[in-house]
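**Q** Requesting a structural model of the entry that follows:
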Amino acid sequence: MRPLSFPSAMKRKFIPVALFLGMSLLDCSAEMDREEAIREIDAKIAALQKEKAKLLAESGESPSALHDENGKVSHRITNSVVIIEGDKSVGTGFVAMTEGKKYLYTAAHVFGGNSKLTIRSSAGTEFKKFGDLQAAEGADLIRLEMLDDPAHYLELAPVDSLVPLNTEIAALGNGGGNGVVAVETGKVLGTSADLLEVDAAIIQGNSGGPVVELATGKVVGEVTHLTSARKDIWSEGTRQGEVRRFACRLNKEWKWTTYKTGTFLNDSRALEEFDELTRLCFAIAQLEPGESGLRLNARLSEDTTVLSVFDKNKENDLVRSLIGMNTELSSRKMSLSDAELNKKFRSLLAQAEARASRSNQAFKPQGFAWFLRNRATFSVDARNESILALKRRL
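**A** Here you go, the predicted structure:
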């Protein structure tokens, strides 16, 4: 039998197809090789972690190491982490021994704004007895002496100890606010006098949790905040174009100021109420009376409209009056002339401006804890802008 033969033109058509199939097979083979290599590396890492934990145990360092003799995160470490649940927010904290006392450490913003708080360990133990609250000057950081004497606690890294770039770390916390302590590993990407930048996959809910050095199990930082990715031509391909994660350093000596816990929470609520009135003023300044209503769907930001702000302030008498005016306009039940309508609308604007100005004059954040004082600076600036926005409409 003679071999099949094809015209030369047809042969040329088959060549790219054959090359494509060959390349696809090579790609699949390469992908399988990569996956196998990754599995082998993971197995080696696990074995090395186990060997490292064993060596630390033999050297007497096991009480401070993150992993136990089996290479798993020590229960002593995870049981030192606490889950904080409030009526306004959730977050993380941890128990640490310093100066012979056990303290609950967390972020100031985790406590702030709440009127009720539940604090329990990852093992389910609830803590209810605390001393006064101490706030760090210059950081989103607070601590409370624990009077319940918890069984497990962490150690802080020594003051001024080095935390070089690429130090391996783990961030522990209530990521996502699901009530479960998760461990996210990573490295230190950057340092400053007060902050560490890390690449561990921390998200909302991790705030207040410990950042622990893998080699020693000691706390080098407390998770404070994330920054959004920048979207411009200058940040493309850099860390600025990604979400960045920061922790307050705990290998430094902070100045602590003592407050009654109730005072701190009251001050925090006062600041939140101040900000809410500011948001309301900005919303009112966006209104424009017309035949179809007051433009309640006008956007203040990507995810905030005038109506969404009004919904949060529906008990406010000005909001009720404006909602009523909007209903009458949209249903064409209002029989006022344009001049009368504008006069009534401007009267409501003037009332909003007067309230905002009085509130601004009465607001005295000088006695707040540093974190709240720092926030209040921006809050006052925003209030002044909202007052100007209302005045421009009068």
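
**Q** Quick check: residue 130 touching residue 103?
**A** No: applying C-beta atoms under 8 Å as the test, residue 130 and residue 103 come out as separate, 9.2 Å apart. C-beta: built from backbone N, CA, C; applies to glycine.

**Q** between the two, what contacts are shared?
**A** Applying C-beta atoms under 8 Å, 6 or more residues apart in numbering, one finds that residue 130 and residue 103 are jointly contacted by 144-146.

**Q** Just the ones in strands from the residues you listed, please.
**A** Counting by DSSP state E, the members of the shared contacts of residue 130 and residue 103 that fall within strands are 144-146.

**Q** Give the burial count for the residue nearest to residue 68 when sequence neighbours are not counted, as a bare number.
**A** Nearest in space to residue 68, with sequence neighbours left out and distances taken as C-beta to C-beta, 6 or more residues apart in numbering, is residue 74 at 4.7 Å. Other residues near residue 74 come to 20 when the count uses other C-beta atoms under 10 Å.

**Q** what sits against residue 74?
**A** Taking C-beta under 8 Å, 6+ apart as the criterion, residue 74 is in contact with 65-68, 217.

**Q** who wins for neighbours among those?
**A** Neighbour counts for the contacts of residue 74, by other C-beta under 10 Å, peak at residue 66, which reaches 27 neighbours.

**Q** So that residue sits against residue 212, correct?
**A** Yes: here residue 66 reaches residue 212: they are 5.9 Å apart, a contact under C-beta under 8 Å.

**Q** which residues are in contact with both of those two?
**A** Any residue near both residue 66 and residue 212 by C-beta under 8 Å, 6+ apart counts here, and that gives 77, 170.

**Q** What does residue 284 show for phi and psi?
**A** phi -60, psi -40 (degrees, to the nearest 10).

**Q** ok, the nearest residue to it once chain neighbours are set aside - how many residues close by?
**A** In space, and not counting its chain neighbours, residue 284 is closest to residue 352: 5.0 Å by C-beta to C-beta, 6+ apart. Residue 352 is surrounded by 23 other residues when neighbours are defined as other C-beta under 10 Å.

**Q** Remind me which helix or strand residue 352 belongs to.
**A** helix 338-362 (DSSP states H and E).

**Q** Identify all contacting residues around that helix.
**A** By C-beta under 8 Å, 6+ apart, the residues outside helix 338-362 that reach it are 274, 277-278, 280-281, 284-285, 287, 289, 318, 321-322, 325, 334, 336, 380, 383-384, 386-387, 390-391, 393-394.

**Q** Which among these count as buried?
**A** 274, 277-278, 280-281, 284-285, 287, 289, 318, 322, 325, 334, 383, 386-387, 390, 393 (16 or more other C-beta atoms under 10 Å).

**Q** Helices along the protein, start to end?
**A** 8-58, 75-78, 108-111, 261-285, 306-312, 317-330, 338-362, 370-391 (DSSP state H).

**Q** Let me see the contact set for residue 365.
**A** Contacts of residue 365 were listed using C-beta under 8 Å, 6+ apart, and they are 267, 271, 372-373, 376, 379-380.

**Q** any idea which of these is closest to residue 247?
**A** When the contacts of residue 365 are compared for distance to residue 247 (C-beta to C-beta), residue 372 comes out closest, at 20.2 Å.
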